[in-house]
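>>> Got a sequence here, can you build the structure:
(one chain, ligands or ions: 1)
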Amino acid sequence: MPIRVGVARETVAGERRVALVPETVARLIKQGFEVLVEPGSGTASYCLDQAYAEAGGRLVADRAALYRDAEVVVKVQAPTPEEVAQYRRGQMLISYLQPHRNDEMIRHLRDQGVTSFAMELVPRITRAQSMDALSSQGTVSGYKAALIAADLCPQFFPMLTTAAGTIRPAKVLVLGAGVAGLQAIATARRLGAVVEAYDVRRAAREQVESLGAKFLQVELDAEAEGGYARELTAEEKEREQVLLRRAICQSDVVITTAQIPGRTAPQLIAAATVESMKPGAVIVDLAAESGGNCAVTRPGEKFEHHGVTVYGPLNVPSMLPVHASAMYSKNIQNFMGLLQGEGGVLHIDWADEILAASAVTHDGAIRHAATRERIEGGAK
Ligand SMILES: NC(=O)c1ccc[n+]([C@@H]2O[C@H](COP(=O)([O-])OP(=O)(O)OC[C@H]3O[C@@H](n4cnc5c(N)ncnc54)[C@H](O)[C@@H]3O)[C@@H](O)[C@H]2O)c1
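Model (predicted):
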């Protein structure tokens, strides 16, 4: 019996992505899976039911039928309590789960006996690159952030030499040069802006410079385990603030992308700094979802603060649903490959570090250590 994978329609307001696009459905079927699709799953990302059917997917009658027949449910957004209530004991869920802030939902998944894997917990190792949804969706966010900034900016990004005068290029500053930051740099450069960037990880310098941007140097290196950033000391934060303040005040656009995994985002732009920026300047704060890098950011809102446009957009990947879905879908397809045992049946090899690291609940227990400690106080 092939593994039956079910594509569920997203129910969170504003979510336009889908976990599997028809092209990937066809590939999974070639790999020996059977794919069930809840009608309307891909409509918001322009993947029509008919395209799923043509790809070999089986359209089920409704959500209840999907949850009844699928062994593995794939999703983008963490499930709502109503969805979890429909899961069967032993059913598998692969999705973003945000385990650090979804205690109630994790308890539900545990108590329902669901085996859940969180896409954001896939380790950042070479073998898992093709399953790395944080990177694929970060790429989308960075690209879109640069476009949003260009749109909000009251001036051109490129240098122009015209009969009506010469236009100087916009100065764009990108704070945080991880996956999203690097894509924002590349996109702003393609639009012709002069770009500077900053990150606490010294390793980011080479990548920033290879994109034709200037790296702002602060004498510190805060690279921690797994290539992520650690939190700065008070003295380091002070030095960072002085350097950044000067660069921010000279910029026409600031795009912020700085994150520390599992914590609130570091604050890099104080309210007073916003108030000293050029009139008409723009801040796009991609960290809005985790507290924001700018002190005045209001998640999801676009407003003016002392003549500066501040916008902290939420769920940016969903603004580009076609490619965000296509990339996420590839991540899911590659992850599914890890679950296909001999004879094509569902098999979890717990010795596989990717599966071990990304599992949140299994067989009535919370497997992810940090989540278990938080929810169950360290009890096994
Ligand atoms: N498979 C792989 O090997 C793989 C895949 C993707 C990313 N990575 C690496 O993982 C790391 C994190 O990538 P990400 O984009 O998910 O990061 P992220 O979203 O966690 O953070 C974005 C950036 O913010 C930076 N940052 C944190 N605090 C800051 C501060 N106070 N000031 C300025 N910048 C600050 C981080 O260093 C990071 O570059 C990077 O080193 C990246 O190259 C590895």
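>>> When you work out contacts or count neighbours from here on, use the C-alpha atoms and nothing else.
Noted.
>>> Can you name the residues that contact residue 150?
156-157 (CA atoms under 8 Å, 6 or more residues apart in numbering).
>>> Could you give the backbone dihedrals for it?
phi -60, psi -40 (degrees, to the nearest 10).
>>> Relative to residue 206, how far out is it?
25 Å (CA to CA, to the nearest Å).
>>> and the residue nearest to residue 307 when sequence neighbours are not counted, helix, strand or coil?
For residue 307, ignoring the flanking residues on the chain, the nearest one in space by CA to CA, 6 or more residues apart in numbering is residue 279 at 5.0 Å. Under DSSP: H, G, I helix; E, B strand; the rest coil, residue 279 falls in the coil class.
>>> who's in contact with residue 279?
306-308.
>>> Tell me how far it lies from residue 81.
Separation of residue 279 from residue 81 (CA to CA) stands at 46 Å.
>>> One more: residue 349?
Where residue 81 is concerned, residue 349 sits at a distance of 29 Å (CA to CA).
>>> Just grab the bridge partners of the residue nearest to residue 260 when sequence neighbours are not counted for me.
If the residues on either side of it in the chain are set aside, residue 260 comes closest to residue 229, at 6.0 Å by CA to CA, 6+ apart. For residue 229, the beta-bridge partners are residue 223 (DSSP bridges).
>>> just the helices in the stretch 1-150 of the chain please.
In the stretch 1-150 of the chain, the helices defined using DSSP state H, counting those that start in this stretch lie at 22-30, 49-54, 63-69, 81-86, 103-111, 133-152.
>>> now, of these, which is deepest in the fold?
Comparing the helices of the stretch 1-150 of the chain by mean neighbour count (mean count of other CA atoms under 10 Å), helix 133-152 comes out on top with a mean of 23.
>>> Average pLDDT for that one, rounded please.
When pLDDT is averaged over helix 133-152, the result is 98.
>>> Surely residue 118 is in contact with residue 356?
No - checked against CA atoms under 8 Å, the pair residue 118 and residue 356 is beyond contact range at 10.8 Å.
>>> More neighbours: which of the two?
Using other CA atoms under 10 Å, the more surrounded residue of residue 118 and residue 356 is residue 118, with 23 against 18.
>>> From the ligand, how far out is the residue nearest to residue 307?
24 Å (CA to the nearest ligand atom, to the nearest Å).
>>> List the contacts of the closest residue to the ligand within the stretch 101-250 of the chain.
The nearest approach of the stretch 101-250 of the chain to the ligand comes at residue 178, 3.3 Å away (CA to the nearest ligand atom). Taking CA under 8 Å, 6+ apart as the contact definition, residue 178 lies against 204, 257-258.
>>> The contacts of residue 279 in strands, which ones?
Counting by DSSP state E, the part of the contacts of residue 279 found in strands is residue 308.
>>> Pick the one among the contacts of residue 279 closest to residue 141.
residue 308 (21.6 Å; CA to CA).
>>> Could you double-check that that closest one lies in contact with residue 283?
Yes - between residue 308 and residue 283 there is a contact under CA under 8 Å: 7.4 Å.
>>> Quick check: residues of the stretch 151-300 of the chain near the ligand?
With CA under 6 Å from any ligand atom as the criterion, the stretch 151-300 of the chain meets the ligand at residues 175-180, 198-201, 227-229, 257-261, 266.
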